[in-house]
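Asker: take this sequence and fold it.
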Amino acid sequence: MIARSRIHFPLMAPAMLALLAAMWAGLVRLGWALPALSANLTIAHGPLMVSGFLGTLISLERAVALRRRWMYAAPALTGLGALALIAGPLAPIGPVLITLGSLILIAIFAVIVRQQPALFTITMGWGALAWLVGNGLWLAGQPIYSVVHWWAGFLVLTIAGERLELARLSRLSRNTRLAFLGAAGVLLAGYILTTVAFDVGTRLVGLGMIVLALWLLRYDIARRTVRQTGLTRFIAVCLLSGYVWLALGGVLTLLNGGVMAGPHYDAILHTVFLGFAFAMIFGHAPVILPAVLGLPLAFHPVFYTHLGLLHASLALRILGDLAGWWPARQWGGMFNVFAVLLFLANTAYVSRRSTPLD
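Answerer: Numbers count the residues shown, from 1 in each chain. Next up, the predicted model:
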């Protein structure tokens with residue numbers, strides 16, 4: 001386990017720096033009186049959070065699972081790209097490196113699909129493709145608002161594919177699998193349509209998110225495991241609460257269409273990238289971190305504190321967005337950051353108290 005952490009930690013470290021830098025930039029964008037550090041850092045808030053942190057994390061997880069050396073190039077490139085974004089003057093090196101990293105993730109999923117051709121692996125492959133397309137558009141100079149839905153597709157389809165894999169244990173019917181395929185198809189159609197009819201395509205994306213969230217709420221095994229105890233129940237609570245945020249994000253996207261900035265834009269993005277994505281991270285961290293870094297991490301009820309703070313602070317932020325209540329939006333954003341920092345602190349605390357792994 002020590003050897004594993006020595007190999008994987010240098011790849012994980014840039015992702016953590018990207019997370020911290022993205023949160024700092026997010027607070028600056030919300031109007032908190034913090035040093036901006038650099039104009040580029042403030043602009044790079046979204047790319048750092050999605051590609052620098054989440055993209056590196058997901059790529060590293062795939063490389064660890066398959067144990068092929070060349071696959072580590074994906075998290076290495078995206079991590080270096082994140083560092084370049086933080087440095088600022090090195091642009092456009094950052095977008096180039098991140099796009100190359102996402103291209104390697106496509107190659108990784110090509111191997112995965114070839115080994116196990118199934119709807120869930122193909123769905124995750126679609127997610128990787130959405131990330132590559134989004135990064136390519138970003139590299140080509142497209143504005144973030146026209147790229148961000150592709151990035152959201154990366155996360156939504158990746159997580160949905162993973163959950164579909166586990167849902168197979170309940171022996172899904174053919175019609176149920178077709179319903180999943182239909183929801184994913186609506187999402188993909190919406191992403192593609194945004195390139196030629198942004199408003200209509202965005203609303204279609206919203207519809208797809210709603211349908212997919214409802215499917216997950218209905219068929220994910222978390223509906224049953226939430227009745228258990230300990231870590232199993234905590235993961236289920238994280239998942240189910242994340243699906244609710246995904247559904248709300250879909251409703252807001254469907255109603256608002258192709259907004260490019262402003263409070264409703266903020267609400268749409270953070271229901272998905274924060275409420276949905278970070279609920280998934282909180283739930284899977286006790287499983288992923290031991291596998292990736294070799295850290296012992298037994299379940300502890302304290303984990304519910306950062307999950308509860310995440311949901312409460314995001315609800316305050318969204319309320320501020322929709323009601324035009326600026327202080328609520330600002331304080332909600334501040335406590336969003338506190339929730340993530342509390343997650344890191346709780347994880348470190350519990351890891352130190354856990355029994356070392358062999």
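
Asker: for Asp266, what are its contacts?
Answerer: Counting by Cβ atoms under 8 Å, 6 or more residues apart in numbering, Asp266 makes contact with 317, 321, 329. Where C-beta positions appear, they are placed from N, C-alpha and C, glycine not excepted.

Asker: list phi and psi for the second one.
Answerer: Which is Asp321. Backbone torsions for Asp321, taken as degrees, to the nearest 10, come to phi -60, psi -50.

Asker: pLDDT wise, what is it at?
Answerer: pLDDT, Asp321: 96.

Asker: likewise the last one?
Answerer: The predicted local distance difference test score for Arg329 is 96.

Asker: I'd like the distance between it and Leu20.
Answerer: According to Cβ to Cβ, to the nearest Å, Arg329 stands 21 Å off from Leu20.

Asker: more neighbours: the two, which one.
Answerer: Set side by side, Arg329 and Leu20 show more neighbours around Arg329, with 24 against 17, by other Cβ atoms under 10 Å.

Asker: state the distance from that one to Trp215.
Answerer: 31 Å.

Asker: same thing with Gly55?
Answerer: 25 Å.

Asker: before we move on, what about Ala130?
Answerer: Ala130 sits 18 Å away from Trp215, going by Cβ to Cβ.

Asker: re the thing from before, just give me the closest of the contacts of Asp266 to Met260.
Answerer: Distance to Met260, by Cβ to Cβ, is smallest for Asp321 among those, at 14.9 Å.

Asker: correct me if wrong: the closest one contacts Pro263.
Answerer: Yes. Asp321 lies in contact with Pro263 (Cβ atoms under 8 Å); the separation is 4.0 Å.

Asker: between the two, which one's more packed in?
Answerer: Per other Cβ under 10 Å, whichever of Asp321 and Pro263 has more neighbours is Asp321, with 23 against 18.

Asker: OK, contacts around the more buried one?
Answerer: Contacts here follow Cβ under 8 Å, 6+ apart; on that basis Asp321 touches 263-264, 266-267, 329.

Asker: circling back to that earlier point, if you count surrounding residues, which of Ala130 and Trp215 has more?
Answerer: Per other Cβ under 10 Å, whichever of Ala130 and Trp215 has more neighbours is Ala130, with 25 against 21.

Asker: hmm, Ala160 and the more buried one touching each other?
Answerer: No. In this structure Ala130 lies outside contact range of Ala160 using Cβ under 8 Å: 11.7 Å.

Asker: list residues touching both of those two?
Answerer: By Cβ under 8 Å, 6+ apart, no residue touches both Ala130 and Ala160.

Asker: quick check: phi and psi at Thr195.
Answerer: According to degrees, to the nearest 10, Thr195 has phi -80, psi -20.

Asker: my read: it touches Thr202, true?
Answerer: No. In this structure Thr195 lies outside contact range of Thr202 using Cβ under 8 Å: 11.1 Å.

Asker: who's more crowded, the two?
Answerer: Counted by other Cβ under 10 Å, Thr195 and Thr202 do not tie: Thr202 has more neighbours, with 23 against 13.

Asker: helix or strand: which one has Leu207?
Answerer: For Leu207, the element it lies in under DSSP states H and E is helix 198-219.

Asker: avg pLDDT for the next helix or strand after that helix?
Answerer: Following helix 198-219 in sequence order, the next helix or strand is helix 222-225 (DSSP H and E). Per-residue pLDDT over helix 222-225 has a mean of 91.

Asker: show me what secondary structure element comes after helix 222-225.
Answerer: Trace forward from helix 222-225 with DSSP H and E and the next one is helix 230-256.

Asker: which strands and helices sit next to that following helix?
Answerer: In terms of contacts (3 or more Cβ pairs under 8 Å, 6 or more residues apart in numbering; DSSP states H and E), helix 230-256 is packed against helix 198-219, helix 222-225, helix 263-270, helix 277-293, helix 303-323.
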